Structures are given as C-alpha cells and as structure tokens.
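K.L.:
Provided below for reference: sequence and predicted model.
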Amino acid sequence: MAHWAKPGVKCICLNGDWFDCFCDRHSGPGKGEVCTVTASGSYGGELFISIDGYGDKLFLLSLFRPLIDRSQSDDIAMFKAIANRGLAQNEIQVSEDA
C-alpha cells in the first residue's frame, strides 16, 4: 500500500492523547509536534509508523500529516502560476482600482 511515510520524512502529530491496545495511557508526541519517521508498516489492515525518540512504539499513520517544507518564494511562485492560468482561462482583467 502506497503512502507518504518513509524513513526520514518529517511529519506533524494531530493527536495528543495516546493509549495502547489495553486502553492504558502511554507517552507519545504532543499535538503539533514535528516528528521524523523511522519506519512504517501495516498490521491488521492499519498503517503504523515509528518515530524518532519513541523507541519501538508504533503510532497510527492517520494521526500524522507530512510536513511540507517550502519557502515563501515557492508559495508565491505557485500562486502566481495558478492566478495566471485562471486569468488565461477566464480572461479576467484585474485593475489597479480594485
């Protein structure tokens, strides 16, 4: 099964409360914490990752999102391309007075 979680990829944790399969609380990354994937795999149809700093603990992949590291100039270039494509398709004119 293809997914973004490969060793070395940085991700953001969406969860802050961690429980094991016996409903016992255990330590894990905090909500919003940036983590580094060390391994990934599946078990019982679910995708799991292990992350740097938490030993052999496994975490559900669905509780993390990849961190996309872009510069502001990359964002501006992307939005300019989208705007220019929209202008060409719709022939919208943007005036200085708007």
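P.N.:
Sure thing, it's come through. Source: prediction; values computed, not measured. Numbering: from 1, shown residues only.
K.L.:
tell me the strands beside the longest strand along the chain, with direction?
P.N.:
Longest strand in the chain, counting residues (DSSP state E): strand 34-43. As defined by DSSP bridges, the strand partners of strand 34-43 come to strand 10-13 (antiparallel), strand 46-51 (antiparallel).
K.L.:
for those strands, which one sits closest to residue 78?
P.N.:
Minimum separation from residue 78 across the strands paired with strand 34-43 (C-beta to C-beta) falls at strand 10-13, 20.0 Å. The C-beta positions use only the backbone N, C-alpha and C, and glycine is treated the same way.
K.L.:
what about the closest one, average pLDDT?
P.N.:
On average, the pLDDT along strand 10-13 is 93.
K.L.:
kindly export it (C-alpha atoms) in PDB.
P.N.:
Extracted C-alpha coordinates of strand 10-13, given in PDB (Å, rounded to 0.1, in the frame of the first residue of the first chain):
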ATOM      1  CA  LYS A  10       9.100  14.800   8.800                       C
ATOM      2  CA  CYS A  11       5.500  14.900   9.900                       C
ATOM      3  CA  ILE A  12       3.200  16.700  12.300                       C
ATOM      4  CA  CYS A  13       1.300  15.000  15.000                       C
END
